[in-house]
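Enquirer: sharing a sequence plus its predicted fold:
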Amino acid sequence: MAEQSIRGPSEMNFDEPAKNWPMWKQKFEIFLTAANKNGEGEPLKIALFLHHIEERGIEIFNALGLPEEQRTLAIVMTRFENYCIQRRNTVMETFKFGSITQKQDQSFVEFETEVRNQAKFCEFTCSAEGCNQSYIDRMIKDKIILGLENKKLRSKLLESSQDTLEQIIEKCKIAELSETNKKILNTEEDVIKVEAIKSFTVNKTKQPYVNRQRNTQTCERCGMTSSLQHDKFCPAVVEGRTCRICHKPGHFAVMCRKKYSGRRSNSSNYVQAVGGEEREQTGAAVKSTQSVDQQRAADQQRGIHSVNINRQYYDDADV
């Protein structure tokens, strides 16, 4: 593999050397292996180290004052590690660890990784003489429980104080997966409800429009063209006509909804009833038209009479 195709680590950030050094060191070791440089001489490997760590690292290397015979890559990296660790503020790192909480929309795996990475810089080991036992797992478990965003899950885990770190992590993953599946199902149900409401609304709005259009064409009582003016003078209502089929008032036989026994086309009674009523209906229609004309004439006469009265009033006033 060509050396030019393998990229080494970028410049190390020395603002937080204790936190950044472990990751940068690991990246450089991976680079040496991938570029097949582990078998090269020490001067070349040190040169590669200084080339990638760049300006601030070169200044620290010069300040170390290593003799030529001690300049191996292992010694140089050990000196850099001591330099970085000495600048670790354990109290501040522990404060940062305690401040970690699961952010909104942050997955549990991301939250767990953040807690574990920060715990590495807190030196959670027993300080008693001869002990040096680590209690990092307990601190990670406590931080995960107390830092969870899901309050319901947090309360449930607090009741399981005897669970191990692995058991707590497993419960958190199961709960997160359950919540994700629940959101997916709720979303699908909402889509189905919305589509159902849209379909119902369209059908509901279309049907009355058809009915209204149908009702404005023909009067259901007399069969004449329906209008607002006609409704006031419908002959079947105004004259109190009675249907000759069902004998109920308010409509003509031709508009009767009751099914007549036998076929209407062959029924002499039906023909007689409808025929006689058609003649009456024609006369009623004429009367209805006359009633409308009479009403208009009366309205005009009242207007003329009102004008004459007002004119007479002003004439008397002039006298």
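Expert: Structure's in. What do you need?
Enquirer: remind me which residues of the stretch 51-200 of the chain are low pLDDT?
Expert: Within the stretch 51-200 of the chain, the segments meeting pLDDT under 70 span 188-196, 198-200.
Enquirer: let's see 90
Expert: Residue ranges of the stretch 51-200 of the chain with pLDDT under 90: 54, 63-71, 81-93, 105, 117-118, 120-123, 125-134, 159-162, 179-200.
Enquirer: would you map the helices across it?
Expert: Under the criterion DSSP state H, counting those that start in this stretch, helices of the stretch 51-200 of the chain are mapped to 73-86, 90-98, 108-119, 136-147, 151-158, 165-215.
Enquirer: can you put those helices in a markdown table and add distance to Arg241 and mean neighbour count?
Expert: Bear in mind the C-beta positions are built from the backbone N, C-alpha and C, glycine included. Putting the helices of the stretch 51-200 of the chain into a markdown table (distance: least, CB to CB, whole Å; neighbours: other CB atoms under 10 Å) gives the following:
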| stretch | distance to Arg241 | mean neighbour count |
| --- | --- | --- |
| helix 73-86 | 108 | 16 |
| helix 90-98 | 93 | 15 |
| helix 108-119 | 82 | 17 |
| helix 136-147 | 86 | 17 |
| helix 151-158 | 74 | 13 |
| helix 165-215 | 20 | 11 |
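Enquirer: which of those sits closest to Asp231?
Expert: Nearest of the helices of the stretch 51-200 of the chain to Asp231, taken as CB to CB: helix 165-215 at 11.0 Å.
Enquirer: distance to Pro43 for the helices of the stretch 51-200 of the chain - can I get that in a markdown table?
Expert: Formatted as a markdown table, the helices of the stretch 51-200 of the chain follow (distance: least, CB to CB, whole Å):
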| stretch | distance to Pro43 |
| --- | --- |
| helix 73-86 | 10 |
| helix 90-98 | 36 |
| helix 108-119 | 35 |
| helix 136-147 | 39 |
| helix 151-158 | 55 |
| helix 165-215 | 46 |
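Enquirer: any idea which of those helices gets closest to Lys27?
Expert: helix 73-86 (12.6 Å).
Enquirer: list the contacts of that closest one.
Expert: Contact partners of helix 73-86, identified using CB atoms under 8 Å, 6 or more residues apart in numbering, comprise 17-18, 20-21, 25, 42, 45-46, 49, 57, 60-61, 64, 66.
Enquirer: try it again with 7 Å
Expert: Defining contact as CB atoms under 7 Å, 6 or more residues apart in numbering, one finds that helix 73-86 is touched by 17-18, 21, 25, 42, 45-46, 49, 60-61, 64, 66.
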